[in-house]
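Visitor: My questions are about this predicted structure, shown below with the sequence.
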Amino acid sequence: MGVIRAEPARVTDWAAKSVGAVWRAFDLQLVTYAGLLAAIGLVMAYTNSVEDGRLTLETQTVFTRGLMWTGIAVVAFIVATAFDYRWLKTLAWPIYVLQLGLLVLTLAIGDGVGNAARWIALGPFTFQFSELAKVFMIIVLANYLSARQGRLDSLPSILGACLLVGPPLALVMLQPDLGTSLVFAAILAGMLWMSGASLKWLTALAAGVAALVPIAWTYILLDYQKQRLLSFLDTDPDIKGSGYQLHQAQIAVGSGGLMGKGLTNGTQAQGDFLPVKTTDFVFAGLAEELGFIGGMVVFTLFFLLLWRILANGWRSRDPFGTLFAAGMASMILFQLVVNVGMVLGVMPITGIPLPFVTHGGASLVSMALGLGILQSINIRQTKAEW
């Protein structure tokens, strides 16, 4: 019998078509918008590291770590893109257990300001596992809800999703971290809405949560958290006390004007009047130095990024992909609205980072991981035509 050999030309043609199909499925716009936002974050890390017009060994830490975390985020994105997302559905429950384990470990050995336990030291770095837990939660919920398509008009299915989110949300509240726990709630709400869950039951659930607010205020929220909320509602806050952060942030935003004062020239940020200028209030420093135009550029990039995330979800032939995109969009949109809102004084101060822009390795790596999974979904749902 003769040996049948594939013709080299046909094999080469097949490989070229396969690579071409994968490349066409890769959403370059998604990566571009996220990359530009991360680059703006690095610019802000640089300007917040400058002292007297130059970087020194003492002040360059924020910028240097920003570069390192960006490199790690790029690796996380590549690995997540290369990984077959369909395994995530198989591994959803182990991922959920891992998520709870990391949050329990954070409570056991974590560090933080005061009595908080929010991050764990990993060599020269600190990592906030609650940021990674957000993406894990999206994976778990996407698997749960996609498996119940057509049955989400029933209360048990909706309550099942709430019960899944309950333990990690409670563990984050114990750190204590009110802002991140609210992100978990926003992810749940967005994914239930996009899954087609019964509006009647969602409304009833929202009413139930509202009824629990007095209990949470009395027995769950800590004094400083209550003070932040009261300061937000106060029409004449104490600008030397609880209202100091908001007052300085609004001065920074207002002084930026249309064009801004220029990088490293912000008086509030460079003069150390603006608290936590590299994290919670990074947008205030950005508005001061880059002005209204700089702020609008950031908003435009976020709008385009959210559009690409939702577009990828809508064209997904797998309900898991649609719901994962919904979770990512809900997380990013909620953090954007709350972070910028608290700087402008229309939202209470909760310590929620601005995605990609806030200096923080865990947030950036987690966002890169989520976008990598979304790219994996795109690529593996596109078949080469040959």
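Guide: Okay, I see it.

Visitor: I'd like the mean pLDDT over the helix or strand hosting Leu306, please.
Guide: For Leu306, the host element (DSSP states H and E) is helix 282-314. In this model, helix 282-314 has a mean pLDDT of 92.

Visitor: after that helix, next one along is what?
Guide: Next along from helix 282-314, by DSSP H and E: helix 319-344.

Visitor: quick one on the thing from earlier: which other helices and strands contact the helix holding Leu306?
Guide: Other helices and strands packing on helix 282-314, by 3 or more C-beta pairs under 8 Å, 6 or more residues apart in numbering; DSSP states H and E, are helix 28-47, helix 244-256, helix 267-270, helix 319-344, helix 361-380. The C-beta positions use only the backbone N, C-alpha and C, and glycine is treated the same way.

Visitor: could you say what helices and strands the second one packs with?
Guide: If contacts are counted by 3+ C-beta pairs under 8 Å, 6+ apart, helix 244-256 sits against helix 267-270, helix 282-314, helix 319-344.

Visitor: ok, now with 10 Å
Guide: Judged by 3 or more C-beta pairs under 10 Å, 6 or more residues apart in numbering; DSSP states H and E, helix 244-256 is in contact with helix 223-233, helix 267-270, helix 282-314, helix 319-344.

Visitor: Could you export these as JSON lines, including distance to Ser363 and mean neighbour count?
Guide: Shown next, in JSON lines, are the helices and strands packed on helix 244-256 (distance: least, C-beta to C-beta, whole Å; neighbours: other C-beta atoms under 10 Å):
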{"stretch": "helix 223-233", "distance to Ser363": "20", "mean neighbour count": "14"}
{"stretch": "helix 267-270", "distance to Ser363": "20", "mean neighbour count": "22"}
{"stretch": "helix 282-314", "distance to Ser363": "11", "mean neighbour count": "20"}
{"stretch": "helix 319-344", "distance to Ser363": "9", "mean neighbour count": "23"}
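
Visitor: related to what we said a few turns ago, of all the helices and strands packed on helix 282-314, which one is nearest Ala142?
Guide: With respect to Ala142, and counting by C-beta to C-beta, the nearest of these is helix 319-344 at 4.1 Å.

Visitor: I'd like the distance from Asp280 to Val31, if you could.
Guide: Counting by C-beta to C-beta, to the nearest Å, the separation of Asp280 from Val31 is 27 Å.

Visitor: ok, those two, which is more surrounded?
Guide: Remark: of Asp280 and Val31, Asp280 carries more neighbours, 23 against 18, as counted by other C-beta atoms under 10 Å.

Visitor: close enough to count as contact, that one and Gly179?
Guide: Yes. Counting by C-beta atoms under 10 Å, Asp280 does reach Gly179; the two are 8.7 Å apart.

Visitor: is it true that Arg118 touches Leu107?
Guide: Yes. Look at Arg118 against Leu107 with C-beta under 10 Å: they come within range, at 9.5 Å.

Visitor: Touching both of these two, which residues are there?
Guide: 172, 175 (C-beta atoms under 10 Å, 6 or more residues apart in numbering).

Visitor: Give me the more crowded residue out of the two.
Guide: Legend: neighbour count by other C-beta under 10 Å for Arg118 and Leu107, higher for Arg118 (22 against 13).

Visitor: Against Phe127, how distant is the more buried one?
Guide: Taking C-beta to C-beta, one finds Arg118 at 10 Å from Phe127.

Visitor: can you list residues touching both of those two?
Guide: Joint contacts of Arg118 and Phe127 (C-beta under 10 Å, 6+ apart) are 106, 110, 362.

Visitor: ok, and the most crowded of the residues you listed?
Guide: In those, the most neighbours by other C-beta under 10 Å go to Thr106, 25 neighbours.

Visitor: coming back round to it: worst mean pLDDT among the helices and strands packed on helix 282-314?
Guide: Least confident of the helices and strands packed on helix 282-314, judged by mean pLDDT, is helix 267-270 with a mean of 70.

Visitor: returning to that earlier point: right, so of the helices and strands packed on helix 244-256, which gets closest to Leu98?
Guide: Using C-beta to C-beta, the helices and strands packed on helix 244-256 put helix 319-344 closest to Leu98, at 17.4 Å.

Visitor: Tell me the helices and strands packed up against the closest one.
Guide: Using 3+ C-beta pairs under 10 Å, 6+ apart, helix 319-344 sits against helix 86-90, helix 129-146, helix 178-194, helix 223-233, helix 244-256, helix 282-314, helix 361-380.
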